[in-house]
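Enquirer: build me a model from this:
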Amino acid sequence: QVQLQESGPGLVKSSQTLSLTCTVSGGSITTNYYAWSWIRQPPGKGLEWMGVITYDGSTYYSPSLKSRTSISRDTHKNQFSLQLSSVTPEDTAVYYCAAGRGPWYLYEYNYWGQGTQVTVSS
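Expert: Here you go, the predicted model:
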């Protein structure tokens, strides 16, 4: 059973860079055809897909966030990470990592982390 766990600071100041890591257990992030995504949910709003890193290391980002987002991975630690730069209070949200087997653009997920609250202070 694949398990995902987000970690990172819960409070970030405006204009700084938000950095989160997702640690994966029970499976490898290089397993064929898996895609590893970051998704967030601002208070009172729906889920927003931010970006993905696939099993072969390819990355794709939401057009609205592309200029500020970077996703990377550490295959030795079996982790993938999110960096969101120049944050504002509008980036306050619960951030989730999720995984799906299959094309990333289907936005279908088999596994989710529990989510981590990140608050951006002004």
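
Enquirer: helix, strand, or coil at the spatially closest residue to Cys97 that is not a sequence neighbour?
Expert: Counting by CB to CB, 6 or more residues apart in numbering, the nearest residue to Cys97 once its immediate chain neighbours are dropped is Cys22, at 3.4 Å. C-beta: built from backbone N, CA, C; applies to glycine. When classified by DSSP: H, G, I helix; E, B strand; the rest coil, Cys22 comes out as strand.

Enquirer: Ser81 is in contact with Cys22, correct?
Expert: Yes: Cys22 is within contact range of Ser81, at 7.2 Å (criterion: CB atoms under 8 Å).

Enquirer: more neighbours, these two?
Expert: Cys22 (28 against 20; other CB atoms under 10 Å).

Enquirer: now do the contacts for the more buried one.
Expert: Counting by CB atoms under 8 Å, 6 or more residues apart in numbering, Cys22 makes contact with 4-7, 36, 38, 79-82, 97, 113.

Enquirer: flag the shaky bits of this structure, pLDDT-wise.
Expert: Under the criterion pLDDT under 70, no range of the chain is flagged.

Enquirer: host element of the residue positioned nearest the centre of it?
Expert: Among the residues of the chain, Trp38 comes closest to the average C-alpha position under CA atoms, centre = their mean, at 2.3 Å. Under the criterion DSSP states H and E, the helix or strand holding Trp38 is strand 34-41.

Enquirer: so what touches the next helix or strand along the chain from that strand?
Expert: Using DSSP H and E, the helix or strand that follows strand 34-41 towards the C-terminus is strand 48-54. Around strand 48-54, the neighbours that count as contacts under CB under 8 Å, 6+ apart are 29, 34-42, 59-62, 65-66, 69, 71-73, 80, 82, 84, 93, 104, 107.

Enquirer: what subset of these is buried?
Expert: 29, 34-40, 59, 61, 65, 69, 71, 73, 80, 82, 84, 93, 104 (16 or more other CB atoms under 10 Å).

Enquirer: residues near Val120, how many?
Expert: 19.

Enquirer: and it, what is it in contact with?
Expert: 11-14, 18, 87-92.
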